[in-house]
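K.L.:
sequence first, predicted coordinates after that:
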Amino acid sequence: KAGVTQTPRYLIKTRGQQVTLSCSPISGHRSVSWYQQTPGQGLQFLFEYFSETQRNKGNFPGRFSGRQFSNSRSEMNVSTLELGDSALYLCASRELATSYEQYFGPGTRLTVT
Amino acid sequence: SQKIEQNSEALNIQEGKTATLTCNYTNYSPAYLQWYRQDPGRGPVFLLLIRENEKEKRKERLKVTFDTTLKQSLFHITASQPADSATYLCALLSGSARQLTFGSGTQLTVLP
């Protein structure tokens, strides 16, 4: 099976802009989680979607939002970008909401200038 | 507040030796603890999961222990190789939360 894919891999945006990142989970996986990784804060959970419903949300401002489509693909949106949003955004999928092993994609490197 | 600490940011060991990485947590009652490996520019890769009622888990050259009294997990790589060089992350899933919380990671370098 193909692994988790994320697009784009690299992105440069300006403060105040918005951005949409995409994630395609492993075929058959219905749960998709998003994480932000920075040198200072490490890997932090953003939110999880399962069967198009948000199941859980981390402690991030409302500028961070996401959605999941019927084919389990997921998008994450960040509005009004700030310099501090520069990070590696990782998506992870798992087969079921009760599965514990997560499969991560390669990430999208977002740079905000 | 809940906290996960991994013993050091960086650990250097000689090839062939056993690498031991530590994960300590406070104010958690984890039901599961996981270890991941992350290489530069890549997403984490799942290695092992251990449940709260398990003391030890093994997979090839990897061994994980879980002591809920000490609130600590130890991750061992025996007969380490330069290819084991990477950042290793521990992650906790508590019974009440439905999200994984990661430690900051330990960067392991195995010297030839």
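P.N.:
Alright, I've got the coordinates. The structure presented is a predicted model; accordingly, all values stated were derived computationally and were not measured.
K.L.:
need the residue closest to the centroid of chain A.
P.N.:
Closest residue to the average C-alpha location of chain A: A:Trp34 at 3.2 Å, with Cα atoms, centre = their mean.
K.L.:
once you drop chain neighbours, what's closest to it?
P.N.:
With sequence-adjacent residues excluded and distances taken as Cβ to Cβ, 6 or more residues apart in numbering or on different chains, A:Trp34 is closest to A:Leu46, at 4.1 Å. The way it works is simple: take the backbone N, C-alpha and C, and place the C-beta from them, glycine included.
K.L.:
so where does the one you found fall, helix or strand?
P.N.:
strand A:42-50 (DSSP states H and E).
K.L.:
which residues does that strand contact?
P.N.:
By Cβ atoms under 8 Å, 6 or more residues apart in numbering or on different chains, the surrounding residues in contact with strand A:42-50 are A:30-38, A:54-60, A:64, A:66-68, A:74, A:76, A:89-90, A:97, B:44, B:89, B:98-105.
K.L.:
now with 6 Å?
P.N.:
Applying Cβ atoms under 6 Å, 6 or more residues apart in numbering or on different chains, the contact partners of strand A:42-50 are A:30-37, A:54-58, A:60, A:64, A:66, A:68, A:74, A:97, B:99, B:102, B:104.
K.L.:
distance between it and the chain's centre?
P.N.:
Here the centre of strand A:42-50 is set off from its chain's centre by 7 Å, with Cα atoms, centre = their mean, to the nearest Å.
K.L.:
what of stretch A:79-88?
P.N.:
Worked out by Cα atoms, centre = their mean, stretch A:79-88 lies 13 Å from the chain centre.
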